[in-house]
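# I need the structure of the sequence given here:
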Amino acid sequence: MTSPAAPSPQHPAHDVTALIAAVARNTEAGGLRKFLELYRWKVLADYIRPAKHVRGELVIGQGQLDRKVYFVESGDLKVDMHTDKGIVHLAIVGPGSVVGEASFFSHLPRIAAVSAYSDCKIWILPPEEFDRLSHANPTVALAVSMALGTILATRMQDMSKRVTVV
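Predicted coordinates:
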């Protein structure tokens, strides 16, 4: 078991109790709780920061070059893809889940827009903080990577089931 690193003055530890509870309640296939046990969240708390968004507020813009990952503590996020034929609704993502994992891994522009479907509290993991985590606590960084990779793979499989050939 890895012990939490002491928070630095520039990066104070946050109380992630409500986020941990949301993850524990989330039953989606390939969810975060499989790889991120309680002690890992206590380490991760030193590297994430909270944000609140009101209903309708844009969280992620489609096409943005941004690799942040967003963990949802409360409320819902709506994921939409804007195409030349209109808007394609992809998902509603609720408490205990995450968005932004595709660009985190790919380093490519965001493929969809994410907005607050209801007032929500999210936690942001910027790529620089993930890099800092990977140096200070590689086992937790690996667990985060595995959790995000599992969610990405599960979502891709779900998407392929919904796509039909015409």
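
# Would you map the helices across the chain?
Here the chain has its helices, by DSSP state H, at 17-25, 38-44, 101-106, 127-136, 138-162.

# out of the ones you listed, deepest packed?
Of all the helices of the chain, helix 38-44 has the most neighbours on average by mean count of other C-beta atoms under 10 Å, namely a mean of 20. To be clear about C-beta, it is placed using only N, CA and C from the backbone, and glycine gets the same treatment.

# Leaving out chain neighbours, which residue sits closest to the residue nearest to the spatial centre of the chain?
The residue lying closest to the centre of the chain (C-alpha atoms, centre = their mean) is Val98, at 2.9 Å. Spatial nearest neighbour of Val98, excluding adjacent residues (C-beta to C-beta, 6 or more residues apart in numbering): Phe71 at 5.2 Å.

# and the one you found, how many neighbours does it have?
Neighbours of Phe71 under the rule other C-beta atoms under 10 Å: 26.

# sorry, back to before: and the pLDDT for the residue nearest to the centre of the chain?
Among the per-residue scores, Val98 holds a pLDDT of 95.

# With the one 5 residues further on instead?
We note a pLDDT of 94 for Ser103 in this prediction.

# Please renumber the chain so that the first residue is 2 from this point on.
Got it, the first residue is 2 from now on, which makes the last one we talked about Ser104.

# Any stretches of the chain with poor pLDDT?
In the predicted model of the chain, residues 2-14, 31, 159-167 satisfy pLDDT under 70.

# Would you reformat the helices of the chain as JSON lines and include distance to Ala113?
Output for the helices of the chain, formatted as JSON lines (distance: least, C-beta to C-beta, whole Å):
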{"stretch": "helix 18-26", "distance to Ala113": "22"}
{"stretch": "helix 39-45", "distance to Ala113": "24"}
{"stretch": "helix 102-107", "distance to Ala113": "9"}
{"stretch": "helix 128-137", "distance to Ala113": "19"}
{"stretch": "helix 139-163", "distance to Ala113": "11"}
